[in-house]
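Q: Prediction below, plus the sequence it came from.
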Amino acid sequence: MAQPKLIESALDDLARLRLRGNGRINDMNRLCSTISLIITISFFAACGGSSDSKSASEPDPQARGYALGFTPWPYDASSEAVNFVYAEIISRGDIIAHHLDGGIPWQEALDGAAWPAAVEEELNTRVANTPSDKLVYLAVSPFNTARDNLAGYWNDSGTGQSLSAPWDGRDFDSEEVIQAYINFSNDAIDRFNPDYFNLALEASELALNDAVRFEKFIVFVQQVSESLRADYPNLKLMLSVAMKSPDSDNANIINTQVSKIVQYVDVVGVSIYPYVFFDHADKGDPDNLPENWLSQIQAVAAGKPLAVTETGWIAERLTVPAFSVDVVADEMDQDAYLRVLFDEAGELNVEFIVWFSIVDYDALWNGVLGQDDVARIWRDTGLYDESLNPRVALARWQQQLDIELAE
């Protein structure tokens, strides 16, 4: 098998989280560049472990209403870590989340040309390690990691490359941008055959960062959704929102702005990490969550179905002095969050839940991540600790997974 760039791709996933609720976080692109120079991993696909086929009988009233799954974020820069994670997320979930959030091969997409080798390799590797019996949630981000402009260029030099002319002068409502994004998305959809496609990954961040540009983005969403709906009438189109504290100024802006584009999608997703990006007291204890911590999304969704596209909870104390963060939590708090999350998800009839990282990535953080402050925020959210010992919450997750998924 060709040498995939799964670790680089995973770092793109981390880079995409960098500005969630904290504008002081430094750009993560340097980490992606470092990892691409250091890591070349031989990956042997772990595509076994198919789940039991679903019953064709009448729906069980006690059946689980939402799918459960993870992203393939590794805990170390090694083939063993990548293999372990893929095997686990295949066996412990109904759905696999793929985020193509490191950029777009803009010119190739506009011209209908072959993708750069690195892009082709990444797409092929992800598809090869996604069993056909799993649901697939696919996101292709049109945004840069700062969520304030177009996605960077994705080519053989890496992800998130600076845009050169004429792309650096184009915006979301540019005809060329819209067509290139549609072309790239069509190819990704054809390859992954997803059940869900997110065309506006954390669109709320653009609304907060640049209100003028967000108006141009509305044109983008309208035209892209119309094209994709015509070509893939059975595909569930999505946008997602990075949730803030209920009734905060940012939450109110999101409610007003994102409500302008929900009409163009079928499902509204939520990225939510309240232990660090909410403002209430004693944030490490899930019992202190605001009453409408998750249900606040209903104000934006306007009756559309919901999904939790990303979440997690720390199982160890989180201290990041650079951001004045000190949150006390342990594995019992993590387990309590899963209990609260599952209960709330059932009440809101969400369609799926994606937990970001299945294993604590201390090894990756101490190694190629260079103990980066941003990476620290999600380091200890695994359902396995850094020594691959299962945490209490893993049993709750598995218990929920063992309940038959409703058709």
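A: Received, thanks. Keep in mind it's a predicted model, so treat the numbers as computed, not measured. Numbers count the residues shown, from 1 in each chain.
Q: moving C-terminal of the one helix or strand in the chain whose mean pLDDT sits lowest, what's the next helix or strand?
A: Using mean pLDDT, DSSP states H and E, helix 29-38 stands out as the lowest-scoring helix or strand of the chain, at a mean of 40. Using DSSP states H and E, the helix or strand that directly follows helix 29-38 along the chain is strand 67-70.
Q: avg pLDDT for the helix or strand following that next one?
A: Following strand 67-70 in sequence order, the next helix or strand is helix 79-91 (DSSP H and E). Averaged over helix 79-91, pLDDT sits at 94.
Q: Can you point out the buried residues in helix 79-91?
A: 79, 81-90 (16 or more other Cβ atoms under 10 Å). All C-beta atoms are positioned from the backbone trio N, CA, C, and that covers glycine.
Q: Show the average pLDDT along the longest helix seen in the chain.
A: Ranked by residue count, the top helix of the chain under DSSP state H comes out as helix 211-231. Taken as a whole, helix 211-231 has a mean pLDDT of 98.
Q: Can you dump the C-alpha atoms of the helix or strand following it in CSV for me?
A: Sequence-wise, the next helix or strand downstream of helix 211-231 (DSSP H and E) is strand 236-242. C-alpha atoms of strand 236-242 as CSV (Å, rounded to 0.1, in the frame of the first residue of the first chain):
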residue,chain,number,x,y,z
LYS,A,236,-28.5,14.7,3.6
LEU,A,237,-26.8,18.1,3.3
MET,A,238,-25.6,19.7,6.5
LEU,A,239,-24.0,22.8,8.1
SER,A,240,-22.6,22.8,11.6
VAL,A,241,-22.4,25.3,14.4
ALA,A,242,-19.6,25.7,17.0
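Q: and the angle for the very next helix or strand once past strand 236-242 with helix 211-231?
A: Towards the C-terminus, the helix or strand next in line after strand 236-242, according to DSSP H and E, is helix 249-258. For helix 249-258 against helix 211-231, the angle by axes from the mean of the first three to the mean of the last three Cα atoms, to 10 degrees is 50 degrees.
Q: Determine the set of other helices and strands touching the helix or strand residue 394 falls within.
A: When elements are assigned from DSSP H and E, residue 394 belongs to helix 392-401. The criterion is 3 or more Cβ pairs under 8 Å, 6 or more residues apart in numbering; DSSP states H and E, and the helices and strands that helix 392-401 contacts are strand 67-70, helix 331-348.
Q: In TSV, list the ones you listed along with mean neighbour count and distance to residue 114.
A: Below are the helices and strands packed on helix 392-401 laid out as TSV (neighbours: other Cβ atoms under 10 Å; distance: least, Cβ to Cβ, whole Å):
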stretch	mean neighbour count	distance to residue 114
strand 67-70	24	31
helix 331-348	19	41
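Q: how about these, which one is nearest residue 244?
A: Evaluated over the helices and strands packed on helix 392-401, closeness to residue 244 peaks at helix 331-348, with 16.9 Å, by Cβ to Cβ.
Q: Return the alpha-carbon coordinates of that closest one using CSV.
A: In CSV, the C-alpha atoms belonging to helix 331-348 read as follows (Å, rounded to 0.1, in the frame of the first residue of the first chain):
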residue,chain,number,x,y,z
GLU,A,331,-13.0,10.1,34.3
MET,A,332,-16.3,10.1,36.4
ASP,A,333,-17.1,13.6,35.1
GLN,A,334,-16.4,12.3,31.5
ASP,A,335,-18.8,9.4,32.2
ALA,A,336,-21.4,11.8,33.6
TYR,A,337,-21.1,13.9,30.4
LEU,A,338,-21.9,10.9,28.3
ARG,A,339,-24.9,10.2,30.4
VAL,A,340,-26.1,13.7,30.0
LEU,A,341,-25.3,13.8,26.3
PHE,A,342,-27.1,10.6,25.6
ASP,A,343,-30.2,11.7,27.5
GLU,A,344,-30.2,15.1,25.7
ALA,A,345,-29.6,13.5,22.3
GLY,A,346,-32.6,11.3,22.8
GLU,A,347,-34.8,14.2,23.8
LEU,A,348,-33.7,16.2,20.7
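Q: Check what contacts the next helix or strand along the chain from it and list those residues.
A: From helix 331-348 onward toward the C-terminus, using DSSP H and E, the following helix or strand is strand 352-355. Applying Cβ atoms under 8 Å, 6 or more residues apart in numbering, the external contacts of strand 352-355 come out as 66-71, 94-95, 97, 135, 137, 196, 307-312, 341-342, 345, 381, 383, 397.
Q: Can you pull the poorly scored residue ranges out of the protein?
A: Where the chain drops to pLDDT under 70, the residues are 1-61.
Q: Tell me where the stretch 101-250 of the chain has strands.
A: 135-140, 153-155, 158-161, 196-200, 236-242 (DSSP state E, counting those that start in this stretch).
Q: And the first one, what does it pack against?
A: This means strand 135-140. So strand 135-140, by 3+ Cβ pairs under 8 Å, 6+ apart, packs with strand 67-70, strand 95-100, helix 175-192, strand 196-200, strand 306-311, strand 352-355.
Q: Check which helices and strands the first one sits against.
A: With contacts defined as 3+ Cβ pairs under 8 Å, 6+ apart, the packing partners of strand 67-70 are helix 79-91, strand 95-100, strand 135-140, strand 352-355, helix 392-401.
Q: Listing partners with orientation, what would you give for that strand?
A: If you go by DSSP bridges, strand 67-70 pairs up with strand 95-100 (parallel), strand 352-355 (parallel).
Q: Select, out of the helices and strands packed on strand 67-70, the one closest to residue 375.
A: Here helix 79-91 is closest among the helices and strands packed on strand 67-70 (Cβ to Cβ), at 15.1 Å.
Q: could you give the angle of that closest one to strand 95-100?
A: Using the same axes, to 10 degrees: helix 79-91 against strand 95-100 is 130 degrees.
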